[in-house]
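Novice: Below: sequence and its predicted model.
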Amino acid sequence: MIRERNVTEITHFILLGFSDLPKLLTLLFIAFLLIYITTVTWNLCLIILIKMDSHLHTPMYFFLGNLSFIDICYVTSTVPKMLSGFYQEQQTITVMGCAIQYFAFSLMGLSESCVMTAMAYDRYAAICSPLLYSSIMSPTLCVRMVLGCYTAAFSGSLPQFCAILRLYFCGPNIIDNFFCDIPQLLNLSCTDTFLSRVILAIITMIFGVTNAILIVISYVYIVLAILKITSAKGRSKAFNTCASHLTAVTLFYMSGVIVYLSSGTGSSSHLDRFGSVFYSVLIPMLNPLIYSLRNKEIKDALKKLPKKKGCC
């Protein structure tokens, strides 16, 4: 479609990243590089460990392996581009490149939200119906649930991608962040963004609110089931099987909510940026640590590995 306008159409954006902190650039570059390497290494090692140890071939670790894969892709969608621009005079990205980056980022974020919901259901089945757990969480169901998570995430990311492609940008073209996030893109658009904002609101409601409600409902039943356990040791064991997942879910949702609420209220861009660092860079690094620190099965699996293969 040909647009008749008296203004020049923007073909690329400038990502400011952390250029306003010139004295800290070297330190930040090293920090983010180490975080990225650590994130990829930890999550990859967890995937390999789950694959190698037959004792970890259970629904919980099947979902955890997929979560680690998502976290690797999640952090890769933003950090390499950010690192490549640390010492460039201007870090630029095309409008199409920006849309593709956000599509990948959104796809992984929505996938993580869905997989965390599937993991909550898995914990519900394990604690509320322990005798039927194996039949409920069959391998076929687990595979279908994960495929459903990826399909749903794709279905949620594609409309946002198409909505971004329909936007027209005529300036300014500066994004005060280290990656292309949709709130900044909507604010920079010269065309009506009502439809794009409606799509974003619907996706947020379906994936953010609905998944959060399903997780809360699962944990209400889990807590009620734990309270019925008579022995303190039994209650502690049941709680420990959920503590890691609950911690990861809380960090993921709280950080995302804080960032997007602050973006909507027009608060400090610095707060938005560092909030984005937390939920898009730090959380993928923390997840394998959260799930491994107090996990006896993973610790036992690590001890069984030959030292020559001990990458973790």
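Specialist: That came in fine, so what should we check first?
Novice: next helix or strand past the lowest-mean-pLDDT helix or strand in the chain?
Specialist: Using mean pLDDT, DSSP states H and E, the weakest-scoring helix or strand in the chain turns out to be helix 269-277, at a mean of 73. As assigned by DSSP states H and E, the chain's next helix or strand after helix 269-277 is helix 283-293.
Novice: And that next one, how far out from the chain middle?
Specialist: Centroid separation between helix 283-293 and its chain, computed with Cα atoms, centre = their mean, to the nearest Å, is 12 Å.
Novice: What is that helix packed up against?
Specialist: helix 25-52, helix 59-76, helix 232-264, helix 296-304 (3 or more Cβ pairs under 8 Å, 6 or more residues apart in numbering; DSSP states H and E). Just so you know, the C-beta spots here come from the backbone N, C-alpha and C atoms, and that holds for glycine as well.
Novice: and among these, the most buried is which?
Specialist: Most buried of these, by mean neighbour count (mean count of other Cβ atoms under 10 Å): helix 59-76, with a mean of 23.
Novice: Please identify the buried residues of the very next helix or strand once past that helix?
Specialist: Downstream of helix 59-76, the first helix or strand assigned by DSSP H and E is helix 79-84. For helix 79-84, burial by neighbour count (16 or more other Cβ atoms under 10 Å) applies to 79, 81-83.
Novice: Kindly report the same for stretch 184-201.
Specialist: Buried, per 16+ other Cβ under 10 Å, within stretch 184-201: 184-186, 188-189, 193, 196, 199-200.
Novice: burial measure for the closest residue to residue 121 other than its chain neighbours, as a count.
Specialist: Closest residue to residue 121 apart from its sequence neighbours, by Cβ to Cβ, 6 or more residues apart in numbering: residue 218 at 5.9 Å. By the measure other Cβ atoms under 10 Å, the count of residues near residue 218 is 22.
Novice: close enough to count as contact, residue 218 and residue 123?
Specialist: Yes - at 6.8 Å, residue 218 counts as touching residue 123 under the criterion of Cβ atoms under 8 Å.
Novice: Report the contact partners of residue 196.
Specialist: The neighbourhood of residue 196, defined by Cβ atoms under 8 Å, 6 or more residues apart in numbering, consists of 160, 163-164, 166-167, 182, 186, 189.
Novice: That one sits in which helix or strand?
Specialist: Going by DSSP H and E, residue 196 is part of helix 194-203.
Novice: which helices and strands sit right next to the helix or strand just after that helix?
Specialist: For helix 194-203, the following helix or strand on the C-terminal side (DSSP H and E) is helix 210-227. Counting contacts by 3+ Cβ pairs under 8 Å, 6+ apart, helix 210-227 is packed against helix 95-128, helix 232-264.
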